[in-house]
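Asker: Mind folding the following:
(one chain, ligands or ions: 1)
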Amino acid sequence: MIDFPPRLDLARLPTPLTRLERLSAEFPGVDIWVKHDEMTGVEVSGNKVRKLEFILAEALAQDCDTVITCGGVQSNHCRATAVLAARLGLRAHLLLRGERPAELSGNLLLDHLSGAGITCISQADWHTHEEYGRELQREYERKGRRAMFIPIGGSDAIGLWGYIAACEELREDFERTGIEPDAVVAATGSGGTQSGLLVARELFGLSARVLAFNVCDDAAWFERKVRRDVAAWSERYGIGFDAENLAVDTIEGYMGPAYGVAGPEVYRTIAGTARQEGVFLDPVYTGKAFNGMLSGEARSAQPTRSNAS
Ligand SMILES: Cc1ncc(COP(=O)(O)O)c(C=O)c1O
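Answerer: Below you'll find the model as predicted:
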């Protein structure tokens, strides 16, 4: 029995796990299932809300009235934080990488409508964003407010619980559907989803490997980030855990030209999955991971389940 820390009920859970019938038939001996974390809630959709259930519970426990977080101009994590902060009566202040466009659209428009404070930081100065965020935190405190700083993607010791809880849900999915996956596949960007799944695999004694396809940085970066976050989680919650022995399996080679820029093979995979299954992948995360999974290299690693978050 795992003792979870305080958690808010913010995501629509459990999300469905469905089998991709036609795609599975195309790959003999392979059985592909999707965990639909795009259905965690329209305005907070995606994987971040799972982490934010724990992070924002901690913010409330610390009596914070403000949360500061950071990401790209169209960051899903920032949008989810802005919307959830509004829902909880908190102020969100977002540090966004890039120039502020003349016209607000997409997530940036939702951030604005949710009342978030927005500071844009140029790509050239982005390396200072965490320092800037900490200074902003002190500034809020000088004004008598209490602010929590949430790192990129909510990937820290607290956020890690989100994908431990998700894995508990997956374990129930596996029991209900009677499947025993060889692998759980996900995209990895800030490493929190990967870290949570890896820890949960050990805690729940699951045999499925966790295969993560990087959409930025490289395998060595994720190796360090995962071990650092898991060690911080273990220390913070006093849970004895050997972060050094985790099988951090980051598969490189499917990122394409850059973070957020996909090659034609990713768009072909997105179009094919939409046409054959009515499932929509995205070009930044799931499209790249799914394309990698369907490739020869991933198949030789024998993944048979997919976690499209
Ligand atoms: C759909 C999807 N999958 C995977 C990821 C990567 O998650 P993480 O940032 O925890 O590595 C993200 C991050 O935004 C995402 O939106």
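
Asker: Report the rounded mean pLDDT for stretch 30-49.
Answerer: Mean per-residue pLDDT for stretch 30-49: 93.

Asker: Equivalent analysis for stretch 191-203, please.
Answerer: For stretch 191-203, mean pLDDT rounds to 97.

Asker: do stretch 128-147 as well
Answerer: Mean pLDDT, computed over stretch 128-147, is 97.

Asker: From the chain's centroid, how far away is the helix or strand where Leu52 lies?
Answerer: Element membership of Leu52 [criterion: DSSP states H and E] is helix 48-61. The chain centre lies 13 Å from the centre of helix 48-61; the measure is C-alpha atoms, centre = their mean, to the nearest Å.

Asker: Residues contacting that helix, please?
Answerer: Applying C-beta atoms under 8 Å, 6 or more residues apart in numbering, the contact partners of helix 48-61 are 4-11, 37, 40-41, 44, 67, 76-77, 80-81, 84-85, 88, 90, 148, 150, 153-156, 158-163, 165-166, 192, 196. Yep, even glycine has a C-beta here, placed from its N, CA and C like the rest.

Asker: Can you give me every residue that contacts the spatially closest residue to Trp126 that is not a sequence neighbour?
Answerer: Computed as C-beta to C-beta, 6 or more residues apart in numbering, the closest residue to Trp126 that is not its neighbour in sequence is Arg97, at 5.0 Å. Going by C-beta under 8 Å, 6+ apart, Arg97 touches 70-73, 120-121, 123, 126, 129.

Asker: Filter those down to just the ones in strands.
Answerer: Counting by DSSP state E, those place 70-72, 120-121 in strands.

Asker: So how do I select the buried members of those residues in PyMOL?
Answerer: Only the buried entries of the ones in strands among the contacts of Arg97 go into this PyMOL selection, using 16 or more other C-beta atoms under 10 Å:
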select buried, resi 70+71+72+121
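
Asker: for the ones in strands among the contacts of Arg97, which one is nearest Glu141?
Answerer: Closest approach to Glu141 among the ones in strands among the contacts of Arg97 (C-beta to C-beta): Cys70, at 18.2 Å.

Asker: which residues pair with the residue nearest to Trp126 across the strands?
Answerer: Counting by DSSP bridges, Arg97 is bridged to Gly72, Ile121.

Asker: and the gap between it and Thr273?
Answerer: Remark: distance between Arg97 and Thr273 (C-beta to C-beta, to the nearest Å) = 29 Å.

Asker: any chance you could map the strands in the chain?
Answerer: Under DSSP E, the chain gives strands at 17-19, 33-35, 66-72, 91-97, 117-121, 147-150, 183-188, 209-214, 249-251.

Asker: Nearest to the ligand, out of those?
Answerer: Between the ligand and these, the tightest spacing by C-beta to the nearest ligand atom is seen for strand 183-188, at 3.9 Å.

Asker: contacts for stretch 108-116?
Answerer: With C-beta under 8 Å, 6+ apart as the test, stretch 108-116 has contacts from 43, 73-74, 78-79, 81-83, 85-86, 91-94, 96, 101, 104, 118.

Asker: that older thread, Phe27: which of the ones in strands among the contacts of Arg97 is nearest?
Answerer: Phe27 lies nearest to Gly72 out of these, by C-beta to C-beta, at 33.1 Å.

Asker: That's all I had, so thanks and see you.
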